[in-house]
Structures are given as C-alpha cells and as structure tokens.
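*Asks:* Fold the following and give me the result.
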Amino acid sequence: MTSDPSDPGAPVLVGGRRTAIGTAGHGLAHCDVVELTAAALGAAAGQVQTLGLRVDDVIIGNCLGPGGNLGRVAALAAGLGTDVPGVTVDRQCGSGLDAVLQAASRVRAGDGELILAGGGESASTAPWRFWPPEGTADAVRYTRAPFAPSGYPDPGMGAAADDLARIRGISRQRQDRYAARSHALTVAAQQSARFAAEIVAVAGLSHDERPRPGMTEHRLSRLRPAFGAAGTATAGNSCGISDGAAAIAVTTQAAARRAGLPYLRILGAAVAADRPELPGLGPAPAVRRVMARPTVRARGIGLRDVDAVEITEAFASVVLAALDDLGIDEELVCAEGGAIGLGHPWGASGTILLIRLASRMLVPGGPKLGLAACAIGGGQGIAMLLERPEQ
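*Replies:* Got it, this is the predicted structure:
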C-alpha cells in the first residue's frame, strides 16, 4: 500500500488508545479479550467524535482468542452501535499492524471514511484446545497454531530466536546489553508518565505491569537460557507473555484537517515473507518493500531520513538482526522502551507500535518520519512508514 501525501483522501492515523499491558495471570487475568478490546475501541472512538463521521467498520487483530469474530463482538461490547460491523484478522504477532494496514487500504480506496483498527490479546483467558484423540489415545492439548505445514521446520518462537542469534552471530552479551537498555528506557518513560495519556484503565489497572527497575546488564547476564541450555534467549532479553488491547482511528487527511485533529500520514506499508523457521528475518524485507514504494522513492525518502523506529521486541536477537540488516542506529529504536520492558500482547502489539510512534511524533519538534515493523511467526514481516505533517 502506498499513499500520496498531497491527496485529501490519503489515509491518516488519528488518536489511539490502549489498555495497560498486564503480565499474564496478574492484573488483567480476569478480563477476557472482548472486555480489553472493547475498552480500547470505546476510548479510541471517543477521541474522534469531532470528525462527525459514523464508524464504517472495525478491524481487530487477534491470535489466541476464543474464536468467532472478535471485531464484531468487541464493537458491540464497546457500545458503537448495532449498525457498526466488525471483522477479525490473524497475522500472528503482526495482527494489530495488519489490521491498521487493511483499514488504510480501504480508506485509500474510498471504501470507508472512518475505520477503527487495532488488536487484542488475553493470554490469561485464552481457552485451552485439544486435538481430537486418535483411537484409544488421550486428547493432546493444542498449545499453538502451526507456523508451517508438514515438511517445513516449525520451531517455537523462542527456539527460532536462539537459532537466529547463532546464525547471525548475535552474542548473549549483546542481547543482554540491548535488553538492559529497553528495560531502563521503559522504566524511565513510565516514571515520567510518558505512557499515561495513551492508557485507558481496565479493571482498575492504569499502568503497565512488567516494567522493573534495576534490570542491568549484569543482572540479566545471570539468567538462564529459556529455550534450551545452549540458547541465548532468556526471560530478561525476551518479551513477557501479556494481556492487552489497542485501537486507533484511520480516516482521510481531509476529514482530520476539517476536525482540526492531529494526525500522522501513512506513506506506505508492506508485508513480506522469508524462511519460516527464522521469523526474525521478516522485518527487514518488509521495511525494504515499504522504502521501495513508488511514492516513497519519488520523494527521495530513504532509511537515513527516518528518525523514529518501533520494532516489536519479541526477542533482543530479532531486533538486533533487523538493525544489522537495515543499518539502522540502535538509538532510534524504541526510544521509550518496547516489548522487552512492557510485554507483548501478541494481537495488539502492532497497533501499540503505532500509538507509541504517535506519542513520540505528535509533539512540537517531534520526529518527521516514523517506521513500525514486526516479525511474525511462520517467517513473515510487516512494516508501515508514517509522516508527521508540517504544523
């Protein structure tokens, strides 16, 4: 998807709210994914009432919910009205970003003028599923969806992160150093209330639970490998299993201007795929595709011009591999912390990246160009390039 920034019908992002990110089994343990997602949707809808537009659709990303159509159910639970439709998408960890990409494509095509998009995940309440028993054997619990079919390697995400670090020569020390930075930045942002304006309280929880001070490189170095004795991914240099939801409004540039609302232009977005057994390779080709879009190239924009980057910190090795592949300065990435420090509610994390970019960009003198990217189980990647208009 590409967009001409001079076009009044170009898609833009307006507002954006999220729940606090809860550590699985803790503060949001009794809130199901519908309650979490409805809270984010209701708050995001409230931010854009001055647009004077009806909500044309709701698009929600989710990985492990109870099935059915979370987008529609959460839209009803949010009180958006029985005439507001909804749909659910699953691109695993990229679901929340893909939902926004789909919304932007439809706005750009003229198939909607206001779409609420986002994602939700409740690891705490995700139902247990079982494969049907064969013969007299007991049923076997279904712990995750296959990332690849029979005949392809299909490691879990942790094992794949270990493999990526080994193949790319990303040392445990380097991963712990990056993770210590992420933890420190997250704690500093939380203590300075940088997250407060974007959070809607649910079940009395109005702060992210995972941030912990004192997660130094030395302390992180003492943690054991989490996915095999020879691995380098640990509980400290990987994301936490989390609950949370996020939503953002996608509308036209003309509508946002009429309402006087601050917005970010979507200059382009792309998905890409690589080796299914190494999902951490996915962000780089997706970013390259975005930067090669005709409208991006016509303006002479390159990665050197992007001054704010958010990459889902599922594992430190994944972020570091993307930075190495793309030549991005580490200091531009997750400058107020990321999933290592905050947690990773899978279906919501892609939307959280965009809300975090908006928080950084929509301030006086904020970054002009921002990039969001996710690695995705099964060997995919997704990326989106945003621009702050001139004030």
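
*Asks:* and residue 261, that's in a helix?
*Replies:* No. Residue 261 is assigned coil when assessed by DSSP: H, G, I helix; E, B strand; the rest coil, not a helix.

*Asks:* mind listing what the closest residue to it other than its chain neighbours touches?
*Replies:* The shortest distance from residue 261 to any non-neighbouring residue, by C-beta to C-beta, 6 or more residues apart in numbering, is to residue 14 (5.1 Å). From N, CA and C alone the C-beta is placed, and that goes for glycine too. Residue 14 makes contact with 47, 48, 51, 248, 249, 250, 251, 256, 261, 262, 263, according to C-beta atoms under 8 Å, 6 or more residues apart in numbering.

*Asks:* Would you mind naming the residues that bridge with residue 14?
*Replies:* Judged by DSSP bridges, the bridge partners of residue 14 are residue 249, residue 263.

*Asks:* likewise the one 4 residues further on?
*Replies:* Beta bridges link residue 18 to residue 199, residue 246 when assigned by DSSP bridges.

*Asks:* pretty sure it contacts residue 198?
*Replies:* Yes. Applying C-beta atoms under 8 Å as the test, residue 18 and residue 198 come out as touching, 5.7 Å apart.

*Asks:* from the chain's centre, how far out does stretch 273-293 sit?
*Replies:* Taking C-alpha atoms, centre = their mean, to the nearest Å, one finds stretch 273-293 lying 15 Å from the centre of the chain it belongs to.

*Asks:* could you check the distance from the residue minimising distance to the centre of the chain over to residue 175?
*Replies:* Closest to where the C-alpha atoms of the chain average out (C-alpha atoms, centre = their mean) is residue 350, at 1.6 Å. For residue 350, the distance to residue 175 (C-beta to C-beta, to the nearest Å) stands at 22 Å.

*Asks:* And the furthest pair within the contacts of residue 14?
*Replies:* Using C-beta to C-beta, the two most remote members of the contacts of residue 14 are 250 and 262, lying 14.4 Å apart.

*Asks:* Next, count neighbours for residue 204.
*Replies:* 8 (other C-beta atoms under 10 Å).

*Asks:* Also residue 180?
*Replies:* With other C-beta under 10 Å as criterion, residue 180 counts 22.

*Asks:* what about it, which helix or strand?
*Replies:* helix 172-191 (DSSP states H and E).

*Asks:* Equivalent analysis for residue 76, please.
*Replies:* helix 70-77.

*Asks:* Then residue 130?
*Replies:* Here residue 130 is assigned to strand 129-131, by DSSP H and E.

*Asks:* Which member of the contacts of residue 14 is positioned nearest residue 97?
*Replies:* For the contacts of residue 14, the nearest to residue 97 is residue 248 (10.4 Å; C-beta to C-beta).

*Asks:* mind pulling up the phi and psi values for the closest residue in space to that closest one that isn't next to it in sequence?
*Replies:* In this structure, residue 248 finds its nearest non-sequential neighbour in residue 16, 3.9 Å apart by C-beta to C-beta, 6+ apart. In terms of degrees, to the nearest 10, the main-chain angles of residue 16 are phi 130, psi 120.

*Asks:* hang on, the earlier thing: which strands and helices lie in contact with the helix holding residue 180?
*Replies:* helix 217-221, helix 316-326, helix 339-342 (3 or more C-beta pairs under 8 Å, 6 or more residues apart in numbering; DSSP states H and E).

*Asks:* Report the mean per-residue pLDDT for the longest one.
*Replies:* The reference is to helix 316-326. Helix 316-326 comes out with an average pLDDT of 98.

*Asks:* And the shortest one, by the same measure?
*Replies:* For helix 339-342, the per-residue pLDDT values average out at 98.

*Asks:* what's the next secondary structure element after it?
*Replies:* Toward the C-terminal end, the helix or strand that comes next after helix 339-342 (DSSP H and E) is helix 349-361.

*Asks:* For the stretch 151-300 of the chain, which segments count as helices?
*Replies:* Secondary structure of the stretch 151-300 of the chain (DSSP state H, counting those that start in this stretch): helices at 157-168, 172-191, 217-221, 253-259, 283-291, 294-298.

*Asks:* Quick check: which of those helices is buried the most?
*Replies:* Among the helices of the stretch 151-300 of the chain, ranked by average contacts under mean count of other C-beta atoms under 10 Å, first place goes to helix 283-291 (a mean of 23).

*Asks:* got the angle between it and helix 316-326?
*Replies:* 40 degrees (axes from the mean of the first three to the mean of the last three C-alpha atoms, to 10 degrees).

*Asks:* mind listing what residue 19 touches?
*Replies:* Contacts of residue 19 (C-beta under 8 Å, 6+ apart): 28, 36, 39-40, 199-202, 205, 243-246.

*Asks:* ok, for residue 51, nearest residue in space, not its chain neighbours?
*Replies:* residue 259 (4.8 Å).

*Asks:* contacts for stretch 128-138?
*Replies:* 139, 140, 141, 142.

*Asks:* and the end-to-end length of stretch 224-238?
*Replies:* 12 Å (C-alpha to C-alpha, to the nearest Å).

*Asks:* meant to ask about stretch 134-143
*Replies:* 18 Å.

*Asks:* name the element the residue lying closest to residue 68 once chain neighbours are set aside belongs to?
*Replies:* Computed as C-beta to C-beta, 6+ apart, the closest residue to residue 68 that is not its neighbour in sequence is residue 88, at 7.9 Å. Here residue 88, judged by DSSP H and E, is contained in strand 86-89.

*Asks:* Residue 372 too?
*Replies:* strand 369-376.

*Asks:* Direction included, what does that strand pair up with?
*Replies:* Note on strand 369-376: by DSSP bridges, its sheet partners are strand 308-311 (parallel), strand 380-387 (antiparallel).

*Asks:* Go through those and name the closest to residue 183.
*Replies:* strand 308-311 (16.0 Å).
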